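>>> Here's a sequence, model it:
(2 chains)
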Amino acid sequence: MTTRSMDAPDTRNLLDHTAQGVIGKPLDRPDGPAKVTGRATYAAEHDIPNCAEGVLVLASISKGEVLGFDEEEVLALPGVIAVISDERMIARSAQGGANEAPVQKVRNVEYFGQPIALVVAETGPQAQHAAERLKVRYRVEDRDNVAINPDEAKAEPHKEPTIQGDIDHAMKEAAHAVDLTYTTQGQVSAAMEMHASIAEWDGHTLTAHSSLQMLNYNINELADALDLEPERVRLISRYVGGGFGSKLGIAAELVAASVAAIELGRPVRVVMTRRQVFECVIRRSETEQRLRLGTDADGRLTAFGHEARVSNLPGEKFAEPVTQASKFLYAGHNRKLAINLARIHRVTAGSVRAPGEAVGMQALEAAMDELANAVGIDPVELRLRNIPERHPTMDIPYSSRKLAECLHVAAERFGWDGSDRRPAQRREGDWWIGTGMASAARVHNLANAQARVTLQADGTAIVASDMTDIGTGTYTVLRQIAAEMLGLDPENVLVRLGDTDFPPGPGSGGSHGAASTGSAVQLACETIRDRLVERLGCKPDELTLKDGFATCGNRRAAYPDLLQGADIEEIGKFEVGKIKGQYSTAMYGAFFTEVAVNAWSGETRVRRMTGAFGIGRALNEKTALSQCIGGMAWGIGQALTEQLMFDRRDGHIVNPDLAEYHVPVNLDVPDLDAVLVEERDPAASPLQAKGVGELGICGAGGAICNAIYHATGVRVRDFPITPDKLIAQLPDV
Amino acid sequence: MKPFDYIRPESLEYAAQQQQRDGGRFIAGGTNLLDLMKLEVETPERLFDLNRMPMAQIEPEGEGLRIGALVSNNACAADPRVRRDYPVLSRAILAGATFQLRNRATTAGNLCQRTRCYYFYNTAMPCNKREPGTGCSALNGINRIHAILGASDQCIATYPGDMAVALYALDATVEILQASGGRRHVPVRDFHRLPGDEPEKDNVLEPGDVITGVVLPPPPQGVQLYRKVRERSSYAFALVSVAAVVRMDGERIAEASLAFGALAHKPWHDPRIETLLAGEVPSDAVFDKAADLLLEGAEDYGHNGYKIPLARRTLKEVLRNATGGGQ
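Numbers count the residues shown, from 1 in each chain, chains lettered A, B, ... in the order given. Take a look at the predicted model:
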């Protein structure tokens, strides 16, 4: 094992000095053909003999206690094997990185939709029917004693607020100021693959195929729930059909399947229905955000306030970190940033793609637009004028930061004209046309990671880690890193992921997967290169690896000749060392968009959208851009259509399906124009790469909000901006 | 899903008799029924699969056109005669669902599609339509997609479809085979019901009734439009929709036939609006009067009040576009 701690920027920039020339190239996904032809086996699809089928039963009360079940009736139904409501089962999903079991008291109901039992039968339909029929006896808590809606609970400060200078005074003194409240409604990840697990118990070890993002944590969460040593648990998630945060922590179906497998002595599969995924996994909290922005006469920020109110279940540590990018994005000496958390009885709030920035940037960037209008300058210029020299609170330097470049590049591609921002000036037939822009920002996360690389005697290589590929392209980029470092055609590198038998990585979450696990792969490859140097008997800087040949001075050898039948295997153990906290490191970008708003109905359609992004080194241009495009598409949904609706009486979600929870469809998404600006960030990772998975959503919805205002003169401060909110203010036609 | 018997009947007459005697549901495309069965909103003891019955033809009937009950939505929308003579129908169908769903969905099934009321879909919630006598959860719940016209204190659900709205504007007729072997013809405008005290009944079909087709009258003269307002561009139910067939006589409106979707428990047709418009020179004032009539009894149940101005605006938009007048 090779261990290295990152204690300072890694300026060696190895990947720009290797010979293979595949890093960054827009290579296709090696897993692509298997996925599009149905040969990639997802968690629920494993064909396991004698597998019983389980269906979760969810609570239909908001708070109270399960007194019992009328099991006899359903046990008499054909094929029904068991009704299980066990103290090991979990009532909530684990938060990302929890590393321990979440709340397990399934009979103690804390929200409508909480898992309370599992019905197991020979077939799925039998189990589904029995679960629907199962009568539950409850003690129901008096509604008056239960806070269900955010306005029924008092919000308490979550963590220390950032308070710097005197914002109240600065707002009074400001030449231009806006004091605005934006709200966003709850959202869900809506990953294509529903949460699913198959558990097998051999009397000693629990093996589960499951759809998960972070196996290294998930194994401990499951082991803790089952009260087993982690060594007796194995998790396999080779293919994951999207996660977007909803699979960071384990969900109820995995533990229920495991408990049932242990109790029944046979494999058990539990697949959530789409409605159950909505009802019991993770929601993104609704937010209420007060933005106070004040500038001098030139539009330089002197006051910067961002105070948010969010919600979660009692006991949960997670509070949507709405102000995360507000900490570092813009200047302003007088600052107040705060998160207030209300405890309410709705499904667990947790991480949904870009927790914090997705909603925080959406509101901030809309408020910045209002501020630009108040100052009377081009909103691009307002942003350029407020890029701070150093982190405004921590007084540390920024690492590589491409915000200004992204603003310029995207403005140029889009054909931005910010000279006249008067609203409601352009009409095409029944449609108001307007343009808007926003910055993008998302913190960079880096995590400890291990990966094993084997250069095999035949000259091919295998990379293995418990890291997952949730559709982001991990298989592809790890292959490229190893191919680049080892001088191999990528076709000769096999990447194996998603199995806790492999060395642990941090998993996929917080956009940290590729940079962290990739750094571990690079590290292992460095050691393998050293071994080759030893065998060739030359100096390290003389070594060139390309196309399966090692060249050193005038010696050139094919790997099989050099390896003489013996593999070289190495585990790279990458650790985030003292680099943490030395720099403010983040990904940046810019969005420009043109929308059309129907003058009669308020229907809004995005006509075009350009995004430019600085993500450090792009490990694969195609998969990186795909992430950006996916984020922008979600930005359209965030801005215009996506919202969880909760019944105020009991907190149940009234639209828990994809017919009524409106993610954008193809017709809503124009041909998105995304581009990467060239960047290397030595402080971000030894690869010079930062994260990319979440950046594309961070601010995109704000740009659309701004374009709607520019088109119509109507500023809607409650996302999503649906027609009902617009027509209330649209002028007569 | 509750276990059920699956029956592939030998003949339509047999299916009608058996269904009248034993109960159960007819199934064609199943795009709505199967979803509801999976949720156990629908729990039929038996299904009569009508897919092999010879009812998938579109053929002339007099000067009109007869659409067989099993004609798929896409086949109907794509039929050259429908596109030429009844474009409002073609457009309404294409505004609905997705391409894949429209390949499965049938003419008769679509007429019978059930409401999208959130509470109807949730078996943990009281719902008079699903379980008569349990109450209406939507009345004091989230009702942004609910009815503003013709509702009752028993039910404020809407009929969600698009195709039927166009059929109302076209004044089509539903052809029904009865268990007795007889046939009856019901004007489509009388086919669906308002909820009243029996919200469980969506339409006037009696046990043993099988829809065999829909008859379109001779092609109407004039402009035909379908306007659907929705939150996303595809695969979303209407917030408001308007089907219009408008014939001009010089400067004046000779005849206007209008139907509205997503406002009520059935596609909404108000003959008073057509009487008002006939003979008028189109103007915003006239359009506003039409909207006043339409929305006379409109009720806001808490979240659906926006439909009142939205229906007014959409009606005016359609009338402007259909008549070339106004403003």
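>>> C-alpha only now, for contacts and for neighbours.
Will do.
>>> Which positions in stretch B:250-264 come out as buried?
B:252-264 (16 or more other CA atoms under 10 Å in any protein chain shown).
>>> Same question for stretch A:5-17.
A:6, A:8, A:9, A:10, A:13, A:15.
>>> ok, now stretch A:174-188?
Those would be A:174-178, A:180-188, for stretch A:174-188 by 16+ other CA under 10 Å.
>>> Mind picking the two most distant members of these?
Spanning the widest gap among these are A:175 and A:188, at 40.1 Å by CA to CA.
>>> Tell me the helix or strand right after the helix or strand where residue A:372 lies.
Here residue A:372, judged by DSSP states H and E, is contained in helix A:357-375. Once the chain leaves helix A:357-375, the next helix or strand it forms, by DSSP H and E, is helix A:379-385.
>>> For that following helix, C-alpha coordinates in PDB please.
The C-alpha coordinates for helix A:379-385 follow below in PDB (Å, rounded to 0.1, in the frame of the first residue of the first chain):
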ATOM      1  CA  PRO A 379     -25.800  42.000 -14.000                       C
ATOM      2  CA  VAL A 380     -22.600  40.400 -15.400                       C
ATOM      3  CA  GLU A 381     -20.700  43.500 -14.400                       C
ATOM      4  CA  LEU A 382     -22.200  43.500 -10.900                       C
ATOM      5  CA  ARG A 383     -20.800  40.000 -10.400                       C
ATOM      6  CA  LEU A 384     -17.400  40.900 -11.900                       C
ATOM      7  CA  ARG A 385     -17.100  43.800  -9.500                       C
END
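>>> which helices and strands does that helix pack with?
Here helix A:379-385 touches helix A:357-375, strand A:431-443, going by 3 or more CA pairs under 8 Å, 6 or more residues apart in numbering or on different chains; DSSP states H and E.
>>> Adding distance to residue A:265, write these out as CSV.
CSV is the format used below for the helices and strands packed on helix A:379-385 (distance: least, CA to CA, whole Å):
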stretch, distance to residue A:265
helix A:357-375, 44
strand A:431-443, 46
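>>> I'd like to know which of those lies nearest to chain B.
Nearest to chain B among the helices and strands packed on helix A:379-385 is strand A:431-443; the distance by CA to the nearest CA comes to 12.1 Å.
>>> and the stretch 51-200 of chain B, which residues reach chain A?
B:118, B:119, B:124, B:141, B:142 (CA under 8 Å from any CA of the partner chain).
>>> Which of the helices or strands spans the closest residue to residue B:89 other than its chain neighbours?
Residue nearest to residue B:89 in three dimensions, not counting chain neighbours: residue B:166, with 5.1 Å by CA to CA, 6 or more residues apart in numbering or on different chains. Following DSSP H and E, one finds residue B:166 within helix B:163-170.
>>> Residue in the stretch 101-250 of chain A with the shortest distance to chain B?
At 5.1 Å from chain B, residue A:129 is the closest residue in the stretch 101-250 of chain A, using CA to the nearest CA.
>>> Give me the subset of the residues of the stretch 51-200 of chain B next to chain A lying in helices.
Counting by DSSP state H, these place B:118, B:119 in helices.
>>> Generate a ChimeraX selection restricted to the buried entries among the residues of the stretch 51-200 of chain B next to chain A.
Filtering those down to the buried ones (16+ other CA under 10 Å) takes a single ChimeraX command:
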select /B:118,119,141,142
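>>> Now do the contacts for the closest residue to residue B:150 other than its chain neighbours.
Spatial nearest neighbour of residue B:150, chain neighbours left out: residue B:264 (5.9 Å); criterion: CA to CA, 6+ apart. When contacts are counted by CA atoms under 8 Å, 6 or more residues apart in numbering or on different chains, residue B:264 touches B:146, B:147, B:148, B:149, B:150, B:151, B:156, B:157, B:158, B:159, B:194.
>>> do the same with residue A:361
Counting by CA under 8 Å, 6+ apart, residue A:361 has contacts A:322, A:325, A:326, A:440, A:441, A:698, A:699, A:702.
>>> in chain B, what residue is nearest chain A?
Closest approach between chain B and chain A, counting by CA to the nearest CA: residue B:1, at 5.1 Å.
>>> My guess is that residue contacts residue A:125. True?
Yes - with contact defined as CA atoms under 8 Å, residue B:1 counts as touching residue A:125 (5.8 Å).
>>> which one of these two has more residues nearby?
A count of neighbours by other CA atoms under 10 Å in any protein chain shown puts residue B:1 above the other of residue B:1 and residue A:125, at 23 against 18.
>>> where does the more buried one fall, helix, sheet strand or coil?
coil (DSSP: H, G, I helix; E, B strand; the rest coil).
>>> Distance of the nearest residue to it once chain neighbours are set aside relative to residue A:125?
Excluding the flanking residues, the one nearest residue B:1 by CA to CA, 6+ apart is residue B:38, at 4.6 Å. To residue A:125, residue B:38 is 9 Å away according to CA to CA, to the nearest Å.
>>> what do the two both touch?
B:1, B:2.
>>> Same list, the contacts of residue B:264, but as TSV with secondary structure, distance to residue A:680 and neighbour count please.
As requested, the contacts of residue B:264 are exported to TSV (DSSP: H, G, I helix; E, B strand; the rest coil; distance: CA to CA, whole Å; neighbours: other CA atoms under 10 Å in any protein chain shown):
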residue	secondary structure	distance to residue A:680	neighbour count
B:146	coil	54	32
B:147	coil	57	28
B:148	coil	58	26
B:149	coil	61	23
B:150	coil	64	21
B:151	coil	63	22
B:156	coil	59	28
B:157	coil	57	33
B:158	coil	56	27
B:159	coil	57	28
B:194	coil	66	25
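>>> Turn the residues you listed into CSV, including pLDDT.
As requested, these are exported to CSV (pLDDT from 0 to 100):
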residue, pLDDT
B:146, 98
B:147, 98
B:148, 98
B:149, 98
B:150, 98
B:151, 98
B:156, 98
B:157, 98
B:158, 98
B:159, 98
B:194, 98
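>>> Just put those residues in a markdown table and tack on distance to residue B:104.
Formatted as a markdown table, the contacts of residue B:264 follow (distance: CA to CA, whole Å):
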| residue | distance to residue B:104 |
| --- | --- |
| B:146 | 26 |
| B:147 | 28 |
| B:148 | 31 |
| B:149 | 31 |
| B:150 | 31 |
| B:151 | 31 |
| B:156 | 28 |
| B:157 | 25 |
| B:158 | 23 |
| B:159 | 20 |
| B:194 | 27 |
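>>> end to end, how far does stretch A:316-324 reach?
19 Å.
>>> Now tell me what touches that stretch from outside.
Here stretch A:316-324 makes contact (CA under 8 Å, 6+ apart) with A:95, A:158, A:284-285, A:306-308, A:310-312, A:337-339, A:341, A:348-351, A:355-357, A:359-361, A:442-443.
>>> ok, of these, which come out buried?
Among the contacts of stretch A:316-324, the ones that count as buried by 16+ other CA under 10 Å are A:95, A:158, A:284-285, A:306-308, A:310-312, A:337-339, A:341, A:348-351, A:355-357, A:359-361, A:442-443.
>>> so of those residues, which ones are in strands?
Applying DSSP state E to the buried ones among the contacts of stretch A:316-324, the entries found in strands are A:306, A:307, A:308, A:310, A:311, A:312, A:337, A:338, A:339, A:341, A:442, A:443.
>>> isn't the third one right up against residue A:286?
I take that to be residue A:308. No - with contact defined as CA under 8 Å, residue A:308 does not reach residue A:286; the gap is 10.1 Å.
>>> pLDDT and distance to residue A:143 added to the ones in strands among the buried ones among the contacts of stretch A:316-324, as TSV?
Formatted as TSV, these follow (pLDDT from 0 to 100; distance: CA to CA, whole Å):
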residue	pLDDT	distance to residue A:143
A:306	98	33
A:307	98	30
A:308	98	27
A:310	98	21
A:311	98	18
A:312	98	18
A:337	98	34
A:338	98	30
A:339	98	27
A:341	98	21
A:442	98	40
A:443	98	40
